[in-house]
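>>> With the input below, show me the fold.
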Amino acid sequence: MRIYKVGGAVRDRLLGKPVTDIDWVVVGATTEEMLAKGFRPVGADFPVFLHPKSGEEYALARTERKSGRGYGGFTFHASPEVTLEEDLIRRDLTINAMAEDDQQNLTDPYHGQRDLEARLLRHVSPAFAEDPLRVLRVARFAARYATLGFTVAPETLALMRQLSESGELEALTPERSWKEISRALMEDQPQVFVEVLRACGALQVLMPEVDALFGVPQPPAHHPEIDTGIHTLSVLQQAALHKQPLTVRWACLLHDLGKGLTPEEEWPRHIAHEFKGLKLIKAINERFKVPRDCQELALLVGEYHTHGHRALELKPSTLLEVLQSFDIYRRPQRFEEFIAACEMDARGREGLEERSYPQADYLRGAATAARSVAVQPLLEKGFKGPELGEAIKRERLKALKAYKEKA
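From the prediction side, this is the model:
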């Protein structure tokens, strides 16, 4: 029995990055031997075990063969005869197909170290094209390591394009796709994830609503970058730069989908794009079974982001309507995330990345003014039921009028 550290732990150590998760491969062992040593089995598809003390995952060396469509369409074979090189060749990228023993002796049959030095994301073997999930994974790695200068090797991008055109991407489950998308959005350069998907044709398959934004012009007075797709990437980049949570980043990616529906003869104006985009945001949310908090914020940002930009001009009644829509009294954090998304949208414009966004503090102040209305005095005056609701609304409107006059 020989045990090797494999994959990301080896890659990140060689890159000088912190190693978090460690994967282990066991060569020359049987399931019975692992159980005899106290390892606990997990997973029904292939033999993976948890270490009796550390809880880390140890997998028996295995080969795999394509047996159906999609990510799950593989048959695995594990036995003591499977070599380390045979196990490594089934991995996606050369930089993930290295192993080291307990003395840090490197096993690198597919030249992963060379590709690390060349800053290349290159597939290990033609079997790469058998697993559609790898398109998303490579795009995610491109987003993660973009700051180090990594790019996707042209021959790997060609295989990704082949996968995108094959219909295999449609076989991915919403859960697997969302797991990769959400992880990619939380990388340092999430816009690179979208760029790579677009470069290989996968964006058009997975998120045609986002793909449709590229080439759609906006008024240059407000958007010096002009192209709506480029703007969306810039907004996403700003969200990462400002360490925004996943909810905000997802909303930033989808906020302008309605502009992709504007007829060409109306370009570069996009009248009512906020409302038109809601059905597209709903569709993409459903397609990937997106978590509820991400779904809700994306819809609210899509509908109200221009209200956010025009906050200082809004009538108190419109401002109250916006605040009510966000349920700021019970869910203050959601409104804070909306403000953040609006600010990222404003900053995601060429040459305007550093411009201040006074609307943010104005909206926070408005929310504070509306929340300051006390309900108890109205109850003491005898208001109840629908009349109480109307009385609260009147008092909040009064508070917002006073706030606007002072601001």
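>>> The closest residue to residue 14 other than its chain neighbours - how many residues pack around it?
Closest residue to residue 14 apart from its sequence neighbours, by C-beta to C-beta, 6 or more residues apart in numbering: residue 116 at 5.7 Å. In short, each C-beta sits where N, CA and C put it, glycine included. Using other C-beta atoms under 10 Å, residue 116 is surrounded by 20 other residues.
>>> what's residue 116 in contact with, if anything?
By C-beta atoms under 8 Å, 6 or more residues apart in numbering, the contact set of residue 116 is 11, 14-15, 95.
>>> cool, residue 299 as well?
With contact set as C-beta under 8 Å, 6+ apart, residue 299 has these partners: 278, 281-282, 285.
>>> re earlier: quick check: phi and psi on the residue nearest to residue 14?
Torsion angles at residue 116 (phi, psi; degrees, to the nearest 10) stand at phi -60, psi -40.
>>> What score does it have for pLDDT?
Predicted confidence (pLDDT) for residue 116: 98.
>>> Same question for residue 69.
With respect to pLDDT, residue 69 has a value of 54.
>>> go on, residue 63?
We note a pLDDT of 83 for residue 63 in this prediction.
>>> That one belongs to a helix, doesn't it?
No - using DSSP: H, G, I helix; E, B strand; the rest coil, the secondary structure at residue 63 is strand, not a helix.
>>> what's the burial count for the nearest residue to it once chain neighbours are set aside?
Leaving aside its sequence neighbours, residue 63 sits nearest to residue 77 (C-beta to C-beta, 6+ apart; 5.0 Å). Residue neighbour count, defined by other C-beta under 10 Å, stands at 13 for residue 77.
>>> Name the SS class of residue 77, please.
Residue 77 falls in the strand class when you classify it by three-state DSSP.
>>> so it sits right up against residue 61, yeah?
No - contact criterion C-beta atoms under 8 Å: residue 77 and residue 61 do not qualify, at 10.0 Å.
>>> Report the buried residues of the helix ranked longest in the chain.
For the chain, the helix that runs over the most residues, judged by DSSP state H, is helix 385-406. By neighbour count on 16 or more other C-beta atoms under 10 Å, the buried set for helix 385-406 is 391-392, 395-397, 399-401, 403-404.
>>> Excluding chain neighbours, give the residue nearest to residue 271 in space.
Leaving aside its sequence neighbours, residue 271 sits nearest to residue 262 (C-beta to C-beta, 6+ apart; 7.8 Å).
>>> What distance do you get for the one you found to residue 213?
Look at residue 262 and residue 213: by C-beta to C-beta, to the nearest Å, they are 10 Å apart.
>>> got it, and residue 90?
Distance from residue 90 to residue 213, by C-beta to C-beta: 37 Å.
>>> Could you identify the helix or strand that succeeds the helix-or-strand element of the chain with minimal mean pLDDT?
When each helix and strand of the chain is scored by mean pLDDT, DSSP states H and E, strand 74-78 comes last, with a mean of 70. Proceeding N to C from strand 74-78, the next assigned helix or strand is helix 84-89, under DSSP states H and E.
>>> Show me what that following helix is in contact with.
In contact with helix 84-89 (C-beta under 8 Å, 6+ apart) are residues 2, 4, 6, 25, 27, 61-63, 97-99, 107, 109-110, 124-125, 127.
>>> So residue 12 is in contact with residue 18, correct?
Yes - using C-beta under 8 Å, residue 12 is in contact with residue 18, at 6.9 Å.
>>> residue ranges of the strands in this protein, please?
Secondary structure of the chain (DSSP state E): strands at 2-6, 23-27, 40-42, 48-50, 57-60, 62-66, 74-78, 99-100, 106-107, 120-121, 151-152.
>>> Note down every partner strand of the last one and its orientation.
Spelled out, it's strand 151-152. Take DSSP bridges as the rule and strand 151-152 pairs in its sheet with strand 120-121 (parallel).
>>> Would you mind listing the outside residues contacting the partner strand?
For strand 120-121, the external contacting residues (C-beta under 8 Å, 6+ apart) are 93, 95, 115, 138, 141-142, 145, 150-153, 156.
>>> could you dump these to CSV with neighbour count and distance to residue 237?
Below are the contacts of strand 120-121 laid out as CSV (neighbours: other C-beta atoms under 10 Å; distance: C-beta to C-beta, whole Å):
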residue, neighbour count, distance to residue 237
93, 24, 24
95, 30, 24
115, 20, 26
138, 27, 20
141, 25, 18
142, 23, 14
145, 22, 16
150, 20, 17
151, 16, 17
152, 23, 19
153, 17, 24
156, 23, 24
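>>> Name the nearest of those relative to residue 268.
Of all these, residue 268 sits closest to residue 142, with 30.5 Å by C-beta to C-beta.
>>> which residue sits closest to the closest one, ignoring its sequence neighbours?
Distances taken as C-beta to C-beta, 6+ apart put residue 196 closest to residue 142, at 4.7 Å, once the chain neighbours are dropped.
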